[in-house]
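In: based on what follows, work out the 3D shape:
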Amino acid sequence: MSPYPLHNILFLDIETVPQHADYELVSTEWKELWAKKAEVLLRNREDETVESIYNRAGIYAEFGKIVCISCGVIQSSGEDKKLLLKSFAGDNEKLLLYEFSEMLRKWSGNEPKFLCAHNGKEFDFPFLCRRMIINGLSIPAVLNSSGKKPWEVNHLDTMELWKFGDFKSYTSLNLLANALSVPTPKDDIDGSMVWEVYWKERNLQRITTYCQKDVVTVAQVFLRIMGEPLIKTENLEIKA
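Out: Numbers count the residues shown, from 1 in each chain. Model prediction:
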């Protein structure tokens with residue numbers, strides 16, 4: 001059984017893209033900064049250039065931006081558990097970060113709450129904090145790990161839970177879900193395609209749907225690791 005109160009966990013996932021649709025739209029100063037950052041990505045990649053790998057800029061908080069945050073909370077218990085989903089998405093990153101922050105503050109309340117994401121400690125949580133600072137927003141206490149002792153940070157990470165102290169490898173969410181026999185939604189895109197769907201197709205709803213499905217998978221994987229019954233498909237609810 002889970003040592004964490006399931007109804008006190010917010011499962012989340014973010015989708016990020018480069019700040020510009022094309023490398024040519026980047027200012028001269030930022031092109032120089034990107035060239036320096038991209039040096040490590042270009043090692044032993046003679047077929048790639050600074051321009052051709054610009055689509056990967058979205059994974060760096062200094063060069064990317066968040067276009068969608070999806071989250072979910074578990075309600076009820078046992079076989080009747082429900083997962084209530086909500087997303088914050090849009091072109092105005094500052095607005096969606098503000099709305100997400102306000103939701104976090106209201107949800108946190110006075111009792112201990114937890115955030116859970118796959119590889120969240122390495123990506124989602126720090127990316128959110130950095131983009132909030134860049135946008136001039138304060139970081140909600142439940143998200144902010146700065147100045148806290150390790151045991152004071154209520155961040156859960158399904159990839160870390162699966163490692164059991166092993167730091168040698170990265171396990172993708174899709175691989176872990178399949179290994180644990182957790183049903184994964186069949187999707188027409190993956191994380192590497194988000195920048196193209198956003199900048200070329202301008203299809204934010206498609207990205208939001210993909211992001212929500214990842215939240216469902218994170219929650220189900222967490223439940224599986226904790227020995228809890230999975231959430232039935234009919235018990236997934238999307239909040240407007």
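
In: helices of this protein, residue ranges please.
Out: In the chain, the segments counted as helices under DSSP state H are 28-42, 93-108, 124-134, 158-163, 173-179, 194-199, 204-225.

In: just put those in TSV and tack on distance to residue 60.
Out: For the C-beta atoms, the positions are set from N, CA and C on the backbone; glycine is no exception. TSV is the format used below for the helices of the chain (distance: least, C-beta to C-beta, whole Å):
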stretch	distance to residue 60
helix 28-42	7
helix 93-108	15
helix 124-134	9
helix 158-163	19
helix 173-179	20
helix 194-199	12
helix 204-225	19
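
In: among those, which is the most enclosed?
Out: helix 204-225 (a mean of 21; mean count of other C-beta atoms under 10 Å).

In: on contacts alone, who are the packing partners of that helix?
Out: Counting contacts by 3 or more C-beta pairs under 8 Å, 6 or more residues apart in numbering; DSSP states H and E, helix 204-225 is packed against strand 9-18, strand 64-75, strand 82-89, strand 114-117, helix 158-163, helix 173-179, helix 194-199.

In: distance between it and the chain's centre?
Out: In terms of C-alpha atoms, centre = their mean, to the nearest Å, the centre of helix 204-225 is found 9 Å from the chain centre.

In: how about stretch 10-19?
Out: Using C-alpha atoms, centre = their mean, the offset of stretch 10-19 from its chain centre is 4 Å.

In: ok so, going back, can I get the helices of the chain in TSV including distance to residue 50 and mean pLDDT?
Out: Listed next are these as TSV, based on distance: least, C-beta to C-beta, whole Å; pLDDT from 0 to 100:
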stretch	distance to residue 50	mean pLDDT
helix 28-42	5	93
helix 93-108	24	96
helix 124-134	22	98
helix 158-163	30	95
helix 173-179	30	94
helix 194-199	16	96
helix 204-225	26	96
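
In: and of those helices, who's closest to residue 188?
Out: helix 204-225 (7.9 Å; C-beta to C-beta).

In: quick one: contacts for residue 35?
Out: residue 50 (C-beta atoms under 8 Å, 6 or more residues apart in numbering).

In: residue contacts, residue 208?
Out: Contacts of residue 208 (C-beta under 8 Å, 6+ apart): 68, 70, 87, 89.

In: distance of it relative to residue 194?
Out: From residue 208 over to residue 194 the distance is 11 Å, taken as C-beta to C-beta, to the nearest Å.

In: could you do residue 132 as well?
Out: 20 Å.

In: show residues contacting stretch 210-221.
Out: If you take C-beta under 8 Å, 6+ apart as the criterion, stretch 210-221 is touched by 11-15, 68-72, 74, 83, 85, 87, 89, 116-118, 158, 173-174, 176-177, 180, 182-185, 187, 189, 194, 230-231, 236, 238.

In: buried ones among those?
Out: 11-15, 68-72, 74, 83, 85, 87, 89, 116-118, 158, 173-174, 176-177, 182, 184, 194, 230-231, 236 (16 or more other C-beta atoms under 10 Å).

In: hang on, isn't residue 180 packed against residue 225?
Out: Yes: using C-beta atoms under 8 Å, residue 180 is in contact with residue 225, at 7.4 Å.

In: quick one: residues contacting the residue lying closest to residue 30 once chain neighbours are set aside.
Out: Spatial nearest neighbour of residue 30, chain neighbours left out: residue 63 (7.6 Å); criterion: C-beta to C-beta, 6 or more residues apart in numbering. If you count contacts by C-beta under 8 Å, 6+ apart, residue 63 has them with 18-19, 30, 33-34, 37, 57.

In: ok, now residue 54?
Out: With the criterion set at C-beta under 8 Å, 6+ apart, residue 54 makes contact with 18, 20, 22-23, 26, 34.
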